[in-house]
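**Q** A structural model of the following input is requested.
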Amino acid sequence: MSVPGPFGDMPIFGDLAKLFQNQGPVNWEVARQIGGYMAAEGQPEGNVDPIERIRLEELARVAELHIGDATGLATSVTGRSVSVRAVTRAEWAASTLQAYRPMFERLAASLGSQTLTDPVEDETGEIPTELLGNLMSVMAPTILGMQLGLMVGHLARRSLGQYDLPVPRPASDELLVVAANLDEFASDWSLPPDDLRLWVCLDGIAHHAVLGRPHVRARLEELLLDYAAGFAPDPNALSDRMANIDPTDQSSWESVFGDPDSFLGSMESEGQRRLKPQLEALTSTIEGYVDYVMDEVGGKLIGSYGSLTEALRRRRVEANKGDRFVERLFGLELSQRQYDRGGAFVRGVVERQGPAGLNRLWASAVELPTPPEVDAPGLWWERINIP
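**A** Model prediction:
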């Protein structure tokens, strides 16, 4: 039997025994295949044009030099120069699944311990609850693999680089950009392609410099992992939806796998609500700082910087339901309010202490602003200067 609909011609769905093999909390082979399939929309992707790769490497060298001068931060985490590599959507999806794997496994452990292995109550009492509970336990890794593959494949069709979400990745000085998405965005908005490439290089390297600070990376990873582990799902939501699947009806599969909110049936826990102010404070500050650096550097290097920036910053807050779900999964929810909050904090520091004062921001873990301080830059400055 093969699964009908968009997954039916994928090799792994031709062998149900392999499909439901227990490979830990997530079936990563299912996630990888679905992620690549959805990223490429089921069509073959050609290799990125070598000229595109060469041009990005040239622009990356310019961007790295200027970001290093503007921030005073090391742009490299390995001691070598940063490289920017143009990839296909499927390559981006595969890399992102691997990079986000620790957070996805925390999520899977949370869902598995609280939902998928619990006995399921049946209203009629005719179906043995132990049988349903065992079935859900067996299917859980594959179901999660399907959903994570769908999510990452969806992101791959829209992301320009690897820091569209400010999520640290394994230590490396190779940054990825999605060549097809760059070309598509430049065409849709009638933007100069090389200006867009340089903008994306500057933005990616600025994020990389901040997230490369060991204490920033450690704190953000800690918050993201703890948030992913903290879901308190509805114990019956997934099993209720699985009971309605008809293997011969594509729409019944899509009702489970096509709607992440319905799939997870997740509710934010009290522990997550306590974490969110800290996550929002840190990510707002990072984004506000990167926007400030971009305005200082990009305005001098890119002729169309104003129109580019307007289009790109509008794009980041006009994400659709799928994008927003991934943000919510990590506790980020990067709304315009959060970007404005971070921008106001950075401007407040610069107005009071100038750019030199802003350079203190990433000095150590002590200098990271608390949630109240993000809304009152003067309080932050007073605290970090207490003798």
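**Q** Could you double-check that L198 sits in contact with R61?
**A** No: using Cβ atoms under 8 Å as the test, L198 is too far from R61 to be in contact (11.0 Å). To be clear about C-beta, it is placed using only N, CA and C from the backbone, and glycine gets the same treatment.
**Q** Which one's more surrounded, those two?
**A** The neighbour count for L198 versus R61, taken as other Cβ atoms under 10 Å, is higher for L198 (24 against 14).
**Q** quick one: low-confidence parts of the stretch 201-350 of the chain?
**A** 233-267, 319-323 (pLDDT under 70).
**Q** at 90 instead, please
**A** For the stretch 201-350 of the chain, applying pLDDT under 90 flags the ranges 228-272, 316-335.
**Q** What segments of it are helices?
**A** Secondary structure of the stretch 201-350 of the chain by DSSP state H, counting those that start in this stretch: the helices cover 214-228, 237-242, 250-257, 260-264, 270-301, 305-316, 321-330, 336-358.
**Q** Buried ones in stretch 338-348, by neighbour count?
**A** Q338, Y339, R341, G342, G343, F345, V346, G348 (16 or more other Cβ atoms under 10 Å).
**Q** Are we agreed that L176 is in a strand?
**A** Yes: under DSSP: H, G, I helix; E, B strand; the rest coil, L176 sits within a strand.
**Q** Can you give me the neighbour number for V210?
**A** 24.
**Q** Equivalent analysis for A74, please.
**A** Neighbours around A74, by other Cβ under 10 Å: 12.
**Q** is it true that it touches A209?
**A** Yes: applying Cβ under 8 Å as the test, A74 and A209 come out as touching, 6.8 Å apart.
**Q** Mutual contacts of these two, please.
**A** The contact sets of A74 and A209 overlap at G68 (Cβ atoms under 8 Å, 6 or more residues apart in numbering).
**Q** which ones are touching R157?
**A** Counting by Cβ under 8 Å, 6+ apart, R157 has contacts M38, A39, E41, R89, N181.
**Q** ok, and the closest non-adjacent residue to S335?
**A** V317 (6.5 Å; Cβ to Cβ, 6 or more residues apart in numbering).
**Q** err, E287, not the other one
**A** Nearest residue to E287, sequence neighbours excluded (Cβ to Cβ, 6+ apart): G342, at 4.8 Å.
**Q** Would you confirm that R352 contacts G378?
**A** Yes: the pair R352 / G378 is scored as a contact, 6.5 Å apart, by Cβ under 8 Å.
**Q** which residues does the residue nearest to S335 contact?
**A** L334, S335, Q336, Y339.
**Q** Most neighbours out of these, which is it?
**A** For the contacts of V317, neighbours were counted using other Cβ under 10 Å, and L334 has the most, 22 neighbours in all.
**Q** can you pull out the strands in the stretch 1-150 of the chain?
**A** Assignment of strands within the stretch 1-150 of the chain using DSSP state E, counting those that start in this stretch yields the ranges 83-87.
**Q** Name the spans of it whose pLDDT lies under the cut-off.
**A** Along the stretch 1-150 of the chain, the parts satisfying pLDDT under 90 run over 1-27, 30, 41-47, 52, 79-80, 103, 105-148, 150.
**Q** those helices in it, which residues are they?
**A** Using DSSP H, counting those that start in this stretch, helices in the stretch 1-150 of the chain cover 16-19, 28-39, 50-71, 89-99, 101-111, 129-156.
**Q** and G271, which of those helices is closest to it?
**A** helix 101-111 (10.5 Å; Cβ to Cβ).
**Q** Which neighbouring elements make contact with the closest one?
**A** helix 129-156, helix 214-228 (3 or more Cβ pairs under 8 Å, 6 or more residues apart in numbering; DSSP states H and E).
**Q** Export these to CSV and append columns for distance to V293.
**A** As requested, those are exported to CSV (distance: least, Cβ to Cβ, whole Å):
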stretch, distance to V293
helix 129-156, 24
helix 214-228, 15
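**Q** winner for burial among those helices?
**A** With neighbours defined as mean count of other Cβ atoms under 10 Å, the helices and strands packed on helix 101-111 peak in mean count at helix 129-156, which reaches a mean of 21.
**Q** tell me the contacts of the nearest residue to T96 once chain neighbours are set aside?
**A** In this structure, T96 finds its nearest non-sequential neighbour in V152, 5.2 Å apart by Cβ to Cβ, 6+ apart. Taking Cβ under 8 Å, 6+ apart, we find V152 in contact with A31, G35, A39, A93, T96, L97, Y100.
**Q** same thing but at 7 Å, please
**A** With contacts defined as Cβ atoms under 7 Å, 6 or more residues apart in numbering, the neighbours of V152 are G35, A93, T96, L97.
**Q** Narrow these to just the buried residues.
**A** G35, A93, T96, L97.
**Q** Of those, just say which sits nearest to G303.
**A** When those are compared for distance to G303 (Cβ to Cβ), T96 wins out at 31.8 Å.
**Q** circling back to that earlier point, can you add distance to D49 and give the helices of the stretch 201-350 of the chain back as CSV?
**A** Converted to CSV, the helices of the stretch 201-350 of the chain look like this (distance: least, Cβ to Cβ, whole Å):
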stretch, distance to D49
helix 214-228, 33
helix 237-242, 43
helix 250-257, 34
helix 260-264, 34
helix 270-301, 24
helix 305-316, 22
helix 321-330, 27
helix 336-358, 33
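**Q** Out of those, which is closest to P369?
**A** Across the helices of the stretch 201-350 of the chain, P369 has its closest neighbour in helix 270-301 (5.8 Å, Cβ to Cβ).
**Q** What are the buried residues along the closest one?
**A** Across helix 270-301, burial judged by 16+ other Cβ under 10 Å covers 272, 275-276, 278-294, 297-298.
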